[in-house]
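Engineer: I would like the atomic coordinates for the input below:
(one chain, ligands or ions: 2)
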Amino acid sequence: MQTMLKVENVVKSFDGTGVLKGVSFTLDEGKVIVIVGPSGCGKSTLLRCINGLEQVDSGKIYLKDELISGRTRDMHLVRQKVGMVFQSYDLFPHMNVMQNLLLGPTKALRKNGEEVRREALAMLRRVGLEGKENALPRTLSGGQKQRVALVRAMLMHPELLLLDEITAALDPEMVSEVLNVVIDLARDGMTMAIVTHEMRFAEAVADQVLFLEDGMAAESGPPEQFFHHPQTERARRFLRSFSYESKNSRKEKQDE
Ligand SMILES: Nc1ncnc2c1ncn2[C@@H]1O[C@H](COP(=O)(O)OP(=O)(O)OP(=O)(O)O)[C@@H](O)[C@H]1O
Ligand SMILES: [Mg+2]
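Structural biologist: Ligands and ions are numbered 1, 2, ... in the order given. I've put the predicted structure just below:
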């Protein structure tokens, strides 16, 4: 299996304060890594370093075999191959859904508008937004806007998709409609690095979990291990703070 993303000993500080203190991981093509950890531990910074929004102080980041960190990186290539969706749906408010969706593929990738439109309509249908192509963003719910943001990212056909707490600003009843789209993308083989506080979703979607604390990988491993047999006290404490109960402990309670 081909390695899609390789993060090697990445160090990043802001104003002399270390935020990432040597983070490494590799992600194979078609796999999903979920990055969890307490607020301020550097999750967003890590994603921003991967897509070039932040410059690393040291360490290296490779997409397949191409170096995408450091001053020599080709930002054009990074933007084209690495998609990102944030917590706040950053759709252009004065453009309708379809105009928002067409912008990147037709301008940055110079694709044919009609082809992209057809693809966009098919994707909108798939995420349950058929008929919304002419709607303005402000007339959509948060969950609908976030699904549009996901479609917009996918229309660029990124090799890697980064998701930073994309449901954090949503009302609870809209969270699952968005997360189900992400689970669908994972099933389709989209390679993703996902930051989330939704532990059940994390467990469902992850092939690999990276637990960051204080800018370091405090623990990493398969979801089954991380969520049900965490190796470190820090991870156990973190999971308890979410009152995250393993399937087993829930079952034990029912049996009581
Ligand atoms: N551009 C910046 N300038 C200065 N400090 C920053 C900058 N971006 C992030 N930081 C600091 O880096 C640390 C890590 O921030 P980051 O946003 O990566 O955390 P996080 O793990 O994503 O947290 P959260 O779960 O709250 O989103 C924080 O202390 C933050 O204040
Ligand atoms: Mg963050």
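Engineer: my read: Arg138 touches Pro93, true?
Structural biologist: Yes - proximity of Arg138 to Pro93 meets the contact threshold set by CB atoms under 8 Å, at 6.2 Å. Using the backbone N, CA and C atoms, a C-beta is placed for each residue, glycine as well.
Engineer: Endpoints of stretch 52-61, how far apart?
Structural biologist: Counting by CA to CA, to the nearest Å, the length from the leading to the trailing residue of stretch 52-61 is 10 Å.
Engineer: So is that stretch next to ligand 1?
Structural biologist: No - Stretch 52-61 is not in contact with ligand 1 by CB under 6 Å from any ligand atom; minimum separation 7.3 Å.
Engineer: pLDDT on the strand or helix carrying Met84, on average?
Structural biologist: Here Met84, judged by DSSP states H and E, is contained in strand 82-85. Confidence over strand 82-85, taken as the mean pLDDT, stands at 96.
Engineer: What are the contacting residues of the next helix or strand after it?
Structural biologist: Proceeding N to C from strand 82-85, the next assigned helix or strand is helix 97-103, under DSSP H and E. Helix 97-103 has contacts (CB atoms under 8 Å, 6 or more residues apart in numbering) with 91-92, 95, 113, 116-117, 120, 124, 129, 132-137, 140, 148, 151-152, 155.
Engineer: Just the buried residues of those residues.
Structural biologist: For the contacts of helix 97-103, a neighbour count by 16 or more other CB atoms under 10 Å gives the buried set as 91, 116-117, 120, 124, 129, 132-133, 135, 137, 140, 148, 151-152, 155.
Engineer: what residues are up against Arg138?
Structural biologist: The contact partners of Arg138, by CB under 8 Å, 6+ apart, come to Pro93.
Engineer: secondary structure class for it?
Structural biologist: Here Arg138 is helix, with the state taken from DSSP: H, G, I helix; E, B strand; the rest coil.
Engineer: Residues contacting stretch 55-74, please?
Structural biologist: In this structure, residues lying in contact with stretch 55-74 by CB under 8 Å, 6+ apart are 2-13, 20, 22-24, 49-50, 52, 77-78, 81-82, 159-160.
Engineer: Just the residues you listed: which are in helices?
Structural biologist: When these are checked against helices using DSSP state H, the ones located there are Cys49, Ile50, Leu77, Val78, Lys81.
Engineer: Roughly how far does the spatially most central residue of the chain sit from ligand 1?
Structural biologist: Central residue of the chain (CA atoms, centre = their mean): Leu163, 1.9 Å from the mean position. For Leu163, the distance to ligand 1 equals 12 Å [CB to the nearest ligand atom, to the nearest Å].
Engineer: What residues are recorded as beta-bridge partners of that residue?
Structural biologist: Here Leu163 shows beta-bridge partners Val85, Ile194, assigned using DSSP bridges.
Engineer: That one is in contact with Ala193, isn't it?
Structural biologist: Yes - at 7.5 Å, Leu163 and Ala193 qualify as touching, with contact defined as CB under 8 Å.
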